[in-house]
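> sequence first, predicted coordinates after that:
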Amino acid sequence: MFAYTMRRLFMLVPVLIGMTLITFSIVHLIPGNPAQVILGETASETAIKNLEESMGLNEPYALQYTYYVSDLLQGDLGTSLKTKTPISEEIWPYIAATFELTFFAMLFAIIIGVNAGIISAWKQNSWFDFLAMLVALIGVSIPVFWLALMEQWIFAQELSWFPSSGRQDNRDPMEPITYFFVLDSILHGDFSRTFTVLKHLVLPSIALGTIPMAIIARMTRSSMLEVMRSDYIRTVQAKGSGQFLIIYKHALKNALIPVLTVIGLQTGVLLGGAILTETIFSWPGVGRYIYEAITYRDYPVIQSGILIIAFLFVIINLVVDLLYKFIDPRINY
Amino acid sequence: MSDEILKITSLQTHFFTDQGEIPAVDGVSLTVHKGEVVGIVGESGCGKSVTSLSIMQLVPSPPGKIVGGTIHYKSENLLNASKKRIKDIRGNEISMIFQEPMTSLDPLFTIGNQLREALQIHKKINKKQANQKSIEMLKLVGIPRAEEVMNDYPHQLSGGMRQRVMIAISMACDPEILIADEPTTALDVTIQAQILDLMKKLNHEKDTAILLITHDLGVVAEICDRVIVMYAGQVVEEGTTREILKNPTHPYTKGLIRSIPKLHEKDQKLYSIPGTVPKPKMGMLGCRFKDRCEFAHDRCFSEAPELFSLGNNRYSRCFLLDDTERKVASDAEANTGS
Amino acid sequence: MKIKEKNPKLNQNNNNPIDQQMEQDDIQVTSPWKDSLRQLRKNRFAIAGLIIILFFVLLAIFAPLLTSYAYDKTDIVNRLQPPSGEHWFGTDDVGRDIFTRIAYGARISLQVGIFAVSGALLFGTILGIVAGYYGRWIDMVISRVFDILLAFPSILLAIAIVAILGSSLENALIAIAIVNIPIFGRLIRSKVISLREEEFVMAAKAQGMKNGRIILHHILPNSVAPIIVQATLSFGTAILEAAALGFLGLGAQPPTPEWGAMLAGSRDFIQLAPWTLIFPGVSIMLVVLGFNLIGDGLRDALDPKMKN
Amino acid sequence: MQRPILEVSHLKKYFDVRGGIFGKKVGEVKAVDDVSFTVHEGEILGIVGESGCGKSTTGKTILRLIEPTEGEIKFEGQDITSLNYEAMRKLRRDMQIIFQDPYASLNPRHTVEKIISEPLLIHGMNKQERKSRVRELLEVVGLSSYHASRYPHQFSGGQRQRIGIARALANHPKLIICDEPVSALDVSVQSQILNLMESLRDQFNLTYVFIAHDLSVVKHISDRVGVMYLGRLVELTDKDKLYDDPKHPYTKALLSAVPLPDPDVEKERIILEGDVPSPSNPPTGCAFHTRCPMAMDICKDIRPSFEQVEVNHFVACHLYSDPAQ
Amino acid sequence: NGGDSESGGDTDKPADNGSSEPGDSGDSTDTGDASEDQVLIFARGGDSESLDPGSTTDGESSRVTKQVLEGLLTFDKESFEVQPELAHDWKVSDDGLTYTFYLEEGVTFHDGTDFNAEAVKVNFERWADPSHEYAYTDDGYVYSMYGTMFGGFKGDEGHVIKEINVVNDHEIEFVLHRPLGFFLQNLGMSYFAITSPAALEEYGARINENPVGTGPFKFVSWSKDDSIILEKFEDYRVEGLPKLDRVIFSVIPDNAARLIALKSGEIDIMDGLNPDDAAGVESDENLILYERAENNFGYVGFNTQKEPFTNKELRQAISYAIDRQAIADALYAGYAVSAKNPLPPSYMGYNDNVEPYAYDPEKAKELLAEAGYEDGLEIELWTMPVARPYMPDPETVAVIVQSNLADIGITANIHREEWAPYLEKTMNGEHQMYMLGWSGTNGDPDYFLSSLLHGDNVGTSNRSFYVNNDVDELLDKAKVAVDQEERAQLYSDAQELISEDVPMIPLVHSRPVLATTSAVKNYVPHPSTSESLAEVEIVK
Ligand SMILES: Nc1ncnc2c1ncn2[C@@H]1O[C@H](COP(=O)(O)OP(=O)(O)OP(=O)(O)O)[C@@H](O)[C@H]1O
Ligand SMILES: Nc1ncnc2c1ncn2[C@@H]1O[C@H](COP(=O)(O)OP(=O)(O)OP(=O)(O)O)[C@@H](O)[C@H]1O
Ligand SMILES: [Mg+2]
Ligand SMILES: [Mg+2]
């Protein structure tokens, strides 16, 4: 397991280098003078000059890249042009917010998706199967941002069931500890607050989790169907085991392997979708951090935000890969 | 032979597919007696597996469905039994092993886990006892280092070992009948010899009846007491092994035996049955072998022959064996010579 | 009754036993493609998908005939009108007819699908085949590049590319195409690798076929099925991605009636004029759904093994 | 005996096994490990052995569909291991292969016509010529010309194998490697194909290397038979000698393990213990010593050489090695 | 952060428990019927950039710092008229070169240190001198607003502040190099608010996240892109203020979502109301609609040094062709006035006598013919890609302008550039006709007229490349004049000339709308977008 993990980590190196190259290029290929954009139309020429210099925009690219990477290795993600704060210092709350949201979105997607998939496969061709797969098909076709807007309109505005934005009650913000608000509220021992935080999570999680949910449901179903046709399931049946044992012990575990891949990949979609969902639901996460940075042309933030999301994505897929090995004893390289 | 423990009468299992209804098993009857080894032979697609799956009621459904006949285990018609009862019987009184040892074990669970599972489903024993019994079973099927193998995963074992494990699983609850669907086809000859040896041993020691499905007449000769020959979803001939091999009556059986290259005979040109095995389909007219049969005559094209009893539990589905035509048949045979 | 000497239908030559069965069964020659098509025609979901897409294609083609408005003609007096006989889908905040914009928007979305997917397909196929067939270091390089591109969530990578190229529909298209290249590339590469080991490819090689011919006649035609399926599904995702970019203001620019951009422009009117949001959203969803339905159907028909 | 058409000497094929943190080579599968034999014009050399013993690899390496690791392959006196890609491509006209799996070896998207005519392209035949040659070939293998427009999935296994044979015959090859051409077929169809192959050999004066795991089939068709175990040839001799008087303990065990469809034959069965060891980690010395009922001490350490112990009877076993050595 | 808790004194413990317990509201407000829950949530579309006011030009930042820090002077509640703040009085020498300010006494910063003249000096020197120890130049701090307003930085030629002399603890003197007509006006800007020197010492460059001033509210915490929490400063220099216990500035980027939140009572004030929603707010009895006075204008400009727009008649013709009212209606739902001068109407010196180029396509065509373009012409109209306060939807404006021009036979091709290149290229004069706008900061006409139209600024902010020596002269005079009436006249004259030349077509002055719940009392929106919330209270 250790060697395997090491090998997987080693295989990440070129990917990570490629990622930094891409994020580095973002800033340097973007047209226009960053200094000008930051200072806006009312800026004086000297101000622009000064800013240019302080940003080190006059050095050769190769040199700038080496600075960039060595900074990264020291945990220095650059300084936000907008807030003038080192990104590494201010990014944690954003990451935590995104993590919390993606976690709940994924939780929603997995719980609903996997179970719907199982039931659909179990009751293949039943009305439930038909309906679930139709919903799943629609689910993969819905634009995230539109779903978010519609949810906001219907459930927040028209029905007032859920708050329309934010992570917690605006009126009564809590002292963050970990910045995972659900966790924080529990640490504070304030469960009514936990409830409020969860309520804030509902709409964005559903918006964000719908596509992965639909994909997971479809994947689980087809994977289950395939597994159910396999020889070893027939063996289990021949042993005389009941349906439940067959489905939840043997079939599910086997079906989970491709589903796991999908879950890993969908996390990426989710992290990407966060940029839209977070903007709409005023969720102060990395997605919004990047979005704001784009409108402001806060290059270091765009750079680091994208790098961090890509990095998270890569790590999650690494974890998924390691999980495979955990589930599937055959993997052995 | 003593008491019948499995009796199938005119079993019909059909598949309902896009291409229409396929009568994969079309009126198969057979009997297995206690402690007996019965072989079913026939070429690919003739319905051997479907017959065996029908007994276990594991025919994939949809598209498959048992549409007629009875399957009596002892005195109970399994086709009328409750789901619960079927589950109780499976693996406990009738158990089954499959052709592909490579894929028939769940790759994600240890051998021990899968063995214990079989025991725990049917026997009220705790995990420890189950473990003990499992190790015992592994030793019985000749697996060295049984304790270690308990913690191995299927992929860590060779094909022969896996097939032994499969046998151990199916024998764990001391079933009355073991159905083995081509248990050695995927294995090498030297390994096949080991497995056949093992099955013989189990049959002797535990007095388990075995329904062995194969397409290899050699295997049949090796282990079976009685043989049933199938062709295109039907039984075409039945009898003791010796009689079938030495004195086949149905033209198909005859052709089959003659077309096998013999290891211990001086070589001559091989006989070959022309054409291919027809895919079963609905409304087939006449004898199913007629298109490939040297002796086919008008009657064969218009009328489906029944299984004629030749006495002494010997049956054959050919008009040539209809008493009225017996004589002509033997003449014809004399003519062809071989 | 007399027995015939020999079965008349039997060919005497043992080496030449013509298969009776075959002749009776299916005289008609069906190619694997035709079989798939027949399968597809039986798939009700796929047909529904086809109808949806056909509807939007017609809408796109006949947009000028279906409406008397121009998609960019503002009419301040009649702004934010609810749907009516005059304006089937209502009007937006500067009084443009939403139905007209949807119809013209269909052109854009379909174009996005066509160009982004064909671009990705072209480059993905070439790279995938080169990597898969020739292997070694070139495979190494191409695969690593794919890995890197796939390490970014696609929308994020598209955003980065658009940030570099500048926001416009064309650039969004390019970005989406680039983002999709590794998806096709990988698919084709893995297909090529598995096909390379297939016996019929071995056989072609043993026949003395040249590499070019093996790729063109043996590898490509057998990779086409999953590619078609993926392309159809990618049509949907490309449209979604373009809409997302448009929504973020990084894709098509106003007054282009791109659906995502329409949604972005109408976001503020969700309470006042929900129809400005509902119609473009539903349109995106339907088109994508259409492609997904066809893609699913194609998958079942073309490549039953690939079902997942 | 006629002149040798194929001479294989010390052929080796090792597949690398990669692993570890850096994907380095951590071992090798010795799929073919020092195999030598000669095939004479017009003869059928059978090769038998258990699954994974390297039969197919040997076959493919001879055609350089897999590049050999070591060794020499002479075809009609010419060493082909050093030929360049283009020269090898041309040479393949004379050396053909038929595969085990009639389903996998035909391109499912091509018609029979296209499948069979494709090799003819090398000759630069025109369309008309190609068409008539395809018809001719179809007749030769016992199919009809109207089959030409059909697709492989519309044929039964036996018929597909006939198509594969027709394709192999297209360019009038001299040598055909048959990699288990009948293993996937039913008994009744298998005999059709075997008969066909025999008659084609007579008709066109072909030479076969006939790979199979079924001893009866090999016996039926071959002139000489080689037995492989774990990447090595352990015995090679005339068919009759091999079946009547096997020398190597493995051959003996193999022959005794074959179940015979004859209830009267009472054989003394040698049941081998254990499994075939993995070719990535073959036993030292004689590869068979782990299962050999007659193993001696020497077998563990010293690999027996492949020697002629009688006229035309080669065996690799210490039981027969010259005690002087 | 020790400062926070020390001065917290007798009332609220920070954070959670303060607001919900009824007991401790007694001394914080004296309004009898005020609800006990004096927490105000102010929601806006974007987060602040920095809470160090001098180092940013961002409106969302000053909105917050306005509550925490105070300057020497401030503006009137509703206009840009200068009012005392930390300086209760001031004196200007006759030559307009020396300004003396008399500071409030007994004022303490939130960290407990005293406010005095030295503190003022430190702040101004910090902004003026990039090498000052509190300038944090290395951390990317640039005091661009200071540079713009005071003619550059220490050592620059144009820098107006010669020296700052501390007369005594409560008296400070600014000596200028040359008179500056809007010096006092500048000091009223929230950007030049005074930070505690002790805090500068303590926080260093992190001062942007830890503002310490003398304002009515002190800073508690900031969750980026989420909320900034302020709480009542008990020792505020004005008795009885502030009335609120807490102010929370929340970020809700989406306009619609923000309105939903307001309606559901999650927030109390929302800025950036979509003009189209104004009607709905007005009719909602639980909500109150506010308008800010106009403080900006959007325009269509010409590159007057590039063909064909060197032609004045052509510019005038186009000026007549554009339907400003349609634009005001389309984009602002009427919450805008059509413009005729490059200056908001509320400004000093606004010339209301200028004859507007009223929408008159016929006249436009005539003029066009006079200019020699009776057959029409084809031009390029540059439009920017981003929404600005003065032009929320530039593309739509471009489309309207395009169709207006088409009506008189001019084909305008809309040309789009990214924001950065747009600014750069228009600065370099690569454009023909373009769209842009300007927002006020210090409420002085100079900030509009000189920046946009003074010949010296050609190639920088004068993107019309407009050079008229008469105008330049008037503007120069007005800049140094100290007498405000005189200045007003000079600007007024300049506007006449500008209107005649039409270097740009002023389109509209927008009047941004915002809304509060009806419980919010005493809230007065300021045209600069930053207003003090000291007097605001919540009465349910
Ligand atoms: N799932 C299925 N759907 C449709 N038809 C089926 C299915 N399973 C089996 N059949 C049909 O049933 C017939 C008998 O199949 P069966 O598997 O019993 O043959 P078999 O004798 O076991 O052959 P083999 O030797 O190849 O295992 C075949 O012709 C096949 O077409
Ligand atoms: N491409 C490859 N890479 C690594 N190992 C291989 C490769 N091809 C074959 N081998 C290994 O080489 C050994 C010999 O394989 P080969 O296919 O030649 O056996 P075979 O005798 O033809 O077996 P079978 O009877 O199953 O066809 C096997 O252990 C196999 O796993
Ligand atoms: Mg079977
Ligand atoms: Mg092989």
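Yes, it's here. Ligands and ions are numbered 1, 2, ... in the order given.

> now stretch B:30-44: how far from the chain's centre is it?
Chain-centre distance of stretch B:30-44: 6 Å, with CA atoms, centre = their mean, to the nearest Å.

> start to end distance for it?
Terminal residues of stretch B:30-44 lie 19 Å apart, using CA to CA, to the nearest Å.

> do it and chain C meet?
No: Stretch B:30-44 stays clear of chain C (CB under 8 Å from any CB of the partner chain), getting no nearer than 13.5 Å. C-beta here means a position set from N, CA and C on the backbone, and glycine is covered the same way.

> repeat that for stretch E:310-325.
No: in terms of CB under 8 Å from any CB, no part of stretch E:310-325 sits within range of chain C; the closest distance is 9.2 Å.

> convert that stretch to CSV, retaining C-alpha atoms only.
Presented in CSV, the C-alpha positions along stretch E:310-325 are these (Å, rounded to 0.1, in the frame of the first residue of the first chain):
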residue,chain,number,x,y,z
THR,E,310,-12.1,66.4,-35.9
ASN,E,311,-15.2,67.9,-37.5
LYS,E,312,-17.2,69.8,-34.9
GLU,E,313,-20.5,69.8,-37.0
LEU,E,314,-20.4,66.1,-37.3
ARG,E,315,-20.0,65.8,-33.5
GLN,E,316,-22.9,68.1,-33.0
ALA,E,317,-25.0,66.3,-35.5
ILE,E,318,-24.5,63.0,-33.7
SER,E,319,-25.3,64.8,-30.5
TYR,E,320,-28.7,65.7,-31.8
ALA,E,321,-29.3,62.2,-33.0
ILE,E,322,-29.1,60.4,-29.7
ASP,E,323,-32.2,59.7,-27.6
ARG,E,324,-30.9,60.1,-24.1
GLN,E,325,-34.3,59.7,-22.6
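
> quick one: buried residues of that stretch?
Using 16 or more other CB atoms under 10 Å in any protein chain shown as the test for burial, stretch E:310-325 gives E:311-325.

> and stretch E:383-393, by the same measure?
E:Thr383, E:Met384, E:Pro385, E:Arg388, E:Tyr390, E:Met391, E:Pro392, E:Asp393.

> so does stretch D:149-160 get close to ligand 1?
No: judged by CB under 6 Å from any ligand atom, stretch D:149-160 stays clear of ligand 1, getting no closer than 10.3 Å.

> what residues does that stretch touch?
Stretch D:149-160 is contacted from outside by B:44, B:276-277, C:19, C:21-22, C:26, C:29-32, D:102-103, D:106-113, D:115, D:143, D:147, D:163, D:184-186, D:189-190, D:192-193, using CB atoms under 8 Å, 6 or more residues apart in numbering or on different chains.

> chain center to that stretch, what's the gap?
24 Å.

> in chain B, which residue sits nearest chain C?
At 3.4 Å from chain C, B:Pro274 is the closest residue in chain B, using CB to the nearest CB.

> compute the distance between that residue and chain D, please.
With distances taken as CB to the nearest CB, to the nearest Å, B:Pro274 is found 7 Å from chain D.

> centre-most residue in chain B?
Nearest to the mean C-alpha position of chain B, counting by CA atoms, centre = their mean, stands B:Ile213 at 2.4 Å.

> restricted to strands, list the buried residues of stretch E:383-393.
Counting by DSSP state E, those place E:Thr383 in strands.

> looking at the buried residues of stretch E:383-393, which two lie furthest apart in space?
Spanning the widest gap among the buried residues of stretch E:383-393 are E:Pro385 and E:Tyr390, at 15.1 Å by CB to CB.

> leaving out chain neighbours, which residue sits closest to the residue of the stretch 101-250 of chain D at minimum distance from ligand 1?
When distances are taken as CB to the nearest ligand atom, the stretch 101-250 of chain D reaches nearest to ligand 1 at D:Asp186, 8.0 Å away. Closest residue to D:Asp186 apart from its sequence neighbours, by CB to CB, 6 or more residues apart in numbering or on different chains: B:Glu43 at 4.1 Å.
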